[in-house]
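Everything below, folded, please.
(chains A and B)
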Protein chains: 2
Amino acid sequence: MASKKNLVPRRDFIKTSALGLSALSIGLPLNSALATSCGSSGKDKLGIALVGLGNYSKGQLAPSLLETEHCYLSAIVTGTKEKEKEWAKKYNIPKGNIYNYENFDDIASNKDIDIVYIVLPNSMHAEFTIRAAKAGKHVICEKPMAVSVAECKAMIKACDDNNVKLSIGYRLQFDPYHKRIINLSKENTLGSINYVNADFAFTIGDPTQWRLKKDLAGGGALMDVGVYCIQACRYSFGQEPIALRAQAFNSGNEKFKEVNETITWQMEFPDGKISNSTTSYAMSVNSLFVSAQKGKAQLMPSYGYGGIKGFIKDEILEFPKFNQQQAQMDAFALNVKNNTDSIVPGEEGLKDMKVIEAIFKSLEQNGARILI
Amino acid sequence: MASKKNLVPRRDFIKTSALGLSALSIGLPLNSALATSCGSSGKDKLGIALVGLGNYSKGQLAPSLLETEHCYLSAIVTGTKEKEKEWAKKYNIPKGNIYNYENFDDIASNKDIDIVYIVLPNSMHAEFTIRAAKAGKHVICEKPMAVSVAECKAMIKACDDNNVKLSIGYRLQFDPYHKRIINLSKENTLGSINYVNADFAFTIGDPTQWRLKKDLAGGGALMDVGVYCIQACRYSFGQEPIALRAQAFNSGNEKFKEVNETITWQMEFPDGKISNSTTSYAMSVNSLFVSAQKGKAQLMPSYGYGGIKGFIKDEILEFPKFNQQQAQMDAFALNVKNNTDSIVPGEEGLKDMKVIEAIFKSLEQNGARILI
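Next up, the predicted model:
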């Protein structure tokens, strides 16, 4: 699948021509339409539309898009009227580049939008990724990729069918601390990795938020922050888990009527290696520990937008302030510009979702061992 | 039970008289016999007999007994003839203070022995603790206390019946780093403790050693080093677990034909708090992490005889070099001298053994939740 994306497929040319005609018919200049449909290779900076203007868009993505080199915030999609004005003014977004969830599909003809970044509640990821793909736009989708394996597969297919690239918002894959962890298995620095302990939990506030609603979140802390632990275990080992067991815990706090409060799970990797993880909305933990033949590594805190600390064997890791989101979006913009593979493609999100579904299956079966 | 030990019971006096007669009959001066049987309160340093001269006795206990203030190495019990000479010479032990496992019970009449320290394979702890108690000697028994709850109870009863004190070799309860952790819940420094992650594992060497034999060890890494995690979770929360679930993992390595290679387990504490732990003989981990309402604490490495590092919230913990075994043995010697409660009594070992039995029960029932 990856190599397929490196080709310049024939249907791309056909689609370009088709779009060109369509552009002519709605009165757009042909060169603009071509620029968009050809992967915008002619542009200096690609336009990104943020879909969903919640805290993460407001606090992280939009500010980072002021620092990106290969993309900029060109459009917004929101269901909240008041946000339109506020954002338009703050980020100088023309009226024609403001969409809502109903007219979202009209982005197809907007040459200012090359990439769509889905920052909606989890259960809306699949729908809007697929709609964006059908509109011919490349997609970054926030984690968790969706709320089921079936959705993830449909998203990957939609992007393939429409010949657009897909990336999952795994910002940590671009972070210098985590890149060092990722390299441990690649470079065999510490010998074979024998054990990973990845825990991520926080005490959730507002009991009315979408994260606590099953139909919007698809699950509790596991979907939200536990997915970072799954990712971290996978890239720390540099291997895929083959089986797992999981346990759920609930204190009876009424915040957790619809989703689990705390989940622990153990994944089995090849050669009898294991990981052990805890995720929760009722405690504060933020750590990644790796034990290898020739030494240990730890990041704590591990999963923040910044402030990561850690060591590998005797080396204290220390990197200058780093904007993960800028790096992540610039990397994807470059993938689009250069028609190269997405560094964190849909398949990465799919693999994690397979683990999440196996965890829920194990919980349903009282902690039974589930093959992945 | 604790208050009972603080009294000077009537039967102590009766026993003293009896021993006095016995001493006369075997030709010992009466005052020596009295000194021993009265808890040796008249002695400056109490005599300790090490039972079992393996690595821990040789490398840690005997050297520490050269530094203790309230006790000294007065006798040895060994099944290995060659060790008798070597130890007698090195520690200046008179011939009459050297015993083997057959004539062990003769220690009853040896005034140089006030305390017996059991450092044998786990499955021999109960027998020798009970024989020592019947010989009228106070006992320190290495961890794990025994290989079953029934044994632990029999050991406690034997010590009570014979009016001798019992302590379990939990050296970390005397370590300054761990004392800080123990104090967190006592002093409520960081608010309520919400989560503990305690992992202890090492890669075992010699495949022929007793630690890998079920009949001698009673279990694998869980009995040996996992018991430190159980202890640590209990004293970090300052509460007792109410239920647990456990999972076992085996890579197929033939070292682990009789005992488990790796076990993970999750304990439930009051108010929905949990701990998560990993123990193994096939990896290297050594950490204790505590998450509380107002901050976090970590010790890593956590369970060594020295070299512990860690922090509590913003404070980096740093203590001068400390001899845990010296502190532990001196504390117990003082308990005996002053007739005060043992700081880590048999009940501490019993509580941990109840957890160990619940873990094995959970494993037998495919990870079912077991009430403790």
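
So which bits of the stretch 101-250 of chain A are right by chain B?
Residues of the stretch 101-250 of chain A that fall close to chain B, judged by CB under 8 Å from any CB of the partner chain: A:194-195, A:197, A:199, A:201, A:245, A:247, A:249-250. C-beta coordinates here come from the backbone N, C-alpha and C atoms, glycine included.

give me that answer again for 7 Å
With the criterion set to CB under 7 Å from any CB of the partner chain, the stretch 101-250 of chain A comes near chain B through A:194-195, A:197, A:199, A:245, A:247, A:249-250.

closest to A:Asp161 among the residues you listed?
Of all those, A:Asp161 sits closest to A:Arg245, with 36.7 Å by CB to CB.

For that closest one, list the residues it contacts.
Taking CB atoms under 7 Å, 6 or more residues apart in numbering or on different chains as the criterion, A:Arg245 is in contact with A:265-266, A:362, A:367-369, B:247, B:367.

relative to strand B:243-249, how tilted is the helix or strand harbouring it?
In the assignment (DSSP states H and E), A:Arg245 maps to strand A:243-249. Following axes from the mean of the first three to the mean of the last three CA atoms, to 10 degrees, one obtains 170 degrees for the angle between strand A:243-249 and strand B:243-249.

what's the spacing between strand A:243-249 and its chain's center?
Its chain's average C-alpha position is 24 Å from that of strand A:243-249, according to CA atoms, centre = their mean, to the nearest Å.

Give the partner strands of it in its sheet and their orientations.
Using DSSP bridges, strand A:243-249 pairs in its sheet with strand A:262-269 (antiparallel), strand A:370-371 (antiparallel).

Of the contacts of A:Arg245, which is the most crowded?
Within the contacts of A:Arg245, most neighbours by other CB atoms under 10 Å in any protein chain shown means A:Trp265, with 31 neighbours.

What's opposite it in the beta bridge?
In beta-bridge terms (that is, DSSP bridges), A:Trp265 pairs with A:Ala246, A:Ser277.

ok, it to B:Ile370 distance?
Going from A:Trp265 to B:Ile370 by CB to CB, to the nearest Å gives 19 Å.

rewinding a little: out of the contacts of A:Arg245, which one sits closest to A:Phe128?
Distance to A:Phe128, by CB to CB, is smallest for A:Trp265 among the contacts of A:Arg245, at 28.9 Å.

Do you know the pLDDT at the most centrally placed residue in chain A?
Geometric centre of chain A, nearest residue: A:Gly169, 2.3 Å, by CA atoms, centre = their mean. Note on A:Gly169: pLDDT of 98.

what's the answer for A:Leu30, then?
The score at A:Leu30 is 36. That number is its pLDDT.

cool, A:Gly42 as well?
On pLDDT, A:Gly42 comes in at 74.

what number of residues lie near it?
There are 12 residues near A:Gly42, going by other CB under 10 Å.

Could you double-check that A:Tyr56 sits in contact with A:Ile118?
No. In this structure A:Tyr56 lies outside contact range of A:Ile118 using CB atoms under 7 Å: 11.1 Å.

Looking at these two, which one has more neighbours?
A count of neighbours by other CB under 10 Å puts A:Ile118 above the other of A:Tyr56 and A:Ile118, at 26 against 17.

ok, now how distant is that one from A:Met155?
Distance from A:Ile118 to A:Met155, counting by CB to CB: 10 Å.

Many thanks, I have nothing further to ask.
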